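Peer 1: What would the 3D arrangement of this be:
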Amino acid sequence: MNQPQMSELFKSRKPSAIRAAQIQFQKRKDNVEAINVAIGNVSLPMHPALINRMKNLAAEDSPYKNGVVKYTATVGLKETNDAILNIIAASGFKTENLHSQITDGGSHAMELVILGTCGSAGSNEKPLLLIDAAYTNYLAMANRTGRSTISITRQLMENGKFNLPKISEIEGIIKEHKPGALLIIPYDNPTGHFLNHETMVHLAKLCVKYNIWMISDEAYRELFYLDTEPASIWRLTDSEVPGIEGRRISIETASKVWNSCGLRIGALVTDNEEFHEKAVFEQTANLCAPAIAQYIFGGLAHESHEDLQLWFDKQRTYYKKLSKRFTEDFAEMMPGAIVSSPDAAIYSVVDVRRIAKPGFDAVKFVEYCTTQGKVDLEGNGKHQTLLVAPMAGFYSTKEGVYNPGKTQMRFAYVENPENMKIVPELFVTLFSQYEKQKEK
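Peer 2: Residues are numbered from 1 along each chain as shown. Next up is the predicted model:
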């Protein structure tokens, strides 16, 4: 009997670059252990205020003590929105004219912002402008919503720094393609590139000049490792960039700085009241974000800015130490590889273009690691493999066009320090195995 046809979207759908390795590895039948640095799945405990809420869901002062869990308002609980604004204020930014709505993770905020700022294909088409390498979910969300993207590509230099294209080049792309919005990720996923305030000012002036929205994904705000002040779209004001106010949007999340990926709490924050209202209207089809998770995250509404700053410092210290050791160990064990400078966020990109054999494809290498690669580092019969994210999916290049991600992979600092310490050696050994088996 004939089967009903799936949509073209489903027929062509492949897993995202950050989840592909895990999906492949789950099919494996041997007893190999995987160290998974493909996904930014933070393994640290949540902030104490969140842990306290989680532990006391049945306490006398909890709204869930009787086991009743109702929908919240679509915009989210007031306390949870207050928590989002309190976090922004703790970084030193004014929040008096900001409007927040709680979403089902940062991913849902991405979807809403693309729907709200970009036009669909046809005469009203207004694409989303990305700076590649860009977080792969933006490409997926644009595809899902029938929106298009355009991009301009950063280059990973020999010294491990990503270079931002000249402002004039970005302006040329805007003139040619007339995007609806520019997306920036100041503490960049996947590159670890930090966009300082001066750079954000230049980009903001382009948004005003060409009357487009400025979207800032601030999932990793406060996770930066340079001697500078935090960057944010909320540091930009009309006094410095006349006209920027009223076109600013940020995407927030509980996942990274707060170590609560599984809560699936995000937020869409804007200083444009009409955009906020329409975004809430659009979200009514989803009813609301998870109610219990909202309550747990709402605990941060009552933390002082001083205490939140101490938390930021604690997270920065932890990741700075991990990233320093990771990059130093990689340079020692694989001197020909290019490792991106870890200036922000929780990722490094490793590029093997100088040492890989011709035709190397990171996607195929990752598939080798997930399906057959294994290493016994200690010689005790305990085999391990490594899951990383191939970078090709983070670039928007068209078929047949050179994709710099073919020799690049993203590593997330999410395993415990003991496991992170062996990641470079695991990678080097698996890479050597893979290159040798290609010769057979």
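
Peer 1: So which bits of stretch 388-397 are buried?
Peer 2: 388-396 (16 or more other C-beta atoms under 10 Å). Placement of C-beta: from N, CA and C, glycine included.

Peer 1: Other residues contacting it?
Peer 2: In this structure, residues lying in contact with stretch 388-397 by C-beta atoms under 8 Å, 6 or more residues apart in numbering are 16-18, 20-21, 37-39, 130, 132-136, 139, 149-151, 153, 190, 349, 361-363, 365-366, 369, 403-406, 408-412, 427.

Peer 1: Could you work out the end-to-end span of that stretch for me?
Peer 2: This stretch, stretch 388-397, spans 21 Å end to end (C-alpha to C-alpha, to the nearest Å).

Peer 1: can you check stretch 6-17 too?
Peer 2: Span of stretch 6-17 from end to end, C-alpha to C-alpha: 22 Å.

Peer 1: Quick check: buried residues in it?
Peer 2: Neighbour-count burial for stretch 6-17, counted by 16+ other C-beta under 10 Å, picks out 16-17.

Peer 1: again with stretch 408-428
Peer 2: 408-415, 419-420, 422-428.

Peer 1: Also stretch 171-184?
Peer 2: Under 16+ other C-beta under 10 Å, the buried positions of stretch 171-184 are 171, 173-174, 178-184.

Peer 1: One more: stretch 302-317?
Peer 2: Buried, per 16+ other C-beta under 10 Å, within stretch 302-317: 303, 308, 311-312, 315-316.

Peer 1: next one: stretch 41-51
Peer 2: So stretch 41-51, judged by 16+ other C-beta under 10 Å, has buried residues 42, 46-47, 49-50.

Peer 1: got it, and stretch 140-159?
Peer 2: So for stretch 140-159, counting by 16+ other C-beta under 10 Å, buried means 140-142, 147-149, 151-154, 156.

Peer 1: and V349, which of the three is it?
Peer 2: strand (DSSP: H, G, I helix; E, B strand; the rest coil).

Peer 1: What about the nearest residue to it once chain neighbours are set aside, how many residues nearby?
Peer 2: The shortest distance from V349 to any non-neighbouring residue, by C-beta to C-beta, 6 or more residues apart in numbering, is to S340 (4.1 Å). S340 is flanked by 26 other residues according to other C-beta atoms under 10 Å.

Peer 1: give me phi/psi at S340?
Peer 2: phi -60, psi 150 (degrees, to the nearest 10).

Peer 1: what residues are up against it?
Peer 2: Here S340 is in contact with 156, 160-162, 191-193, 348-351 (C-beta under 8 Å, 6+ apart).

Peer 1: Tell me the one of the residues you listed nearest R248?
Peer 2: H193 (20.8 Å; C-beta to C-beta).

Peer 1: Not counting residues beside it along the chain, what's closest to that closest one?
Peer 2: Nearest non-adjacent residue to H193 (C-beta to C-beta, 6+ apart): F162, at 4.4 Å.

Peer 1: What does the pLDDT read for the one you found?
Peer 2: Predicted confidence (pLDDT) for F162: 92.

Peer 1: can you check S16 too?
Peer 2: Value listed for S16 in the pLDDT field: 73.

Peer 1: Got the phi and psi for it?
Peer 2: Torsion angles, degrees, to the nearest 10, at S16: phi -60, psi 160.

Peer 1: Tell me who's in contact with it.
Peer 2: Counting by C-beta under 8 Å, 6+ apart, S16 has contacts 136-137, 140, 393.

Peer 1: let's see 6 Å
Peer 2: Neighbouring residues of S16 by C-beta atoms under 6 Å, 6 or more residues apart in numbering: T136.

Peer 1: Show the pLDDT at the residue nearest to S120 when sequence neighbours are not counted.
Peer 2: Using C-beta to C-beta, 6+ apart and skipping residues adjacent in sequence, the residue nearest S120 is G146, 4.8 Å away. G146 carries a pLDDT score of 85 in this model.

Peer 1: how near is G146 to S91?
Peer 2: Counting by C-beta to C-beta, to the nearest Å, the separation of G146 from S91 is 35 Å.
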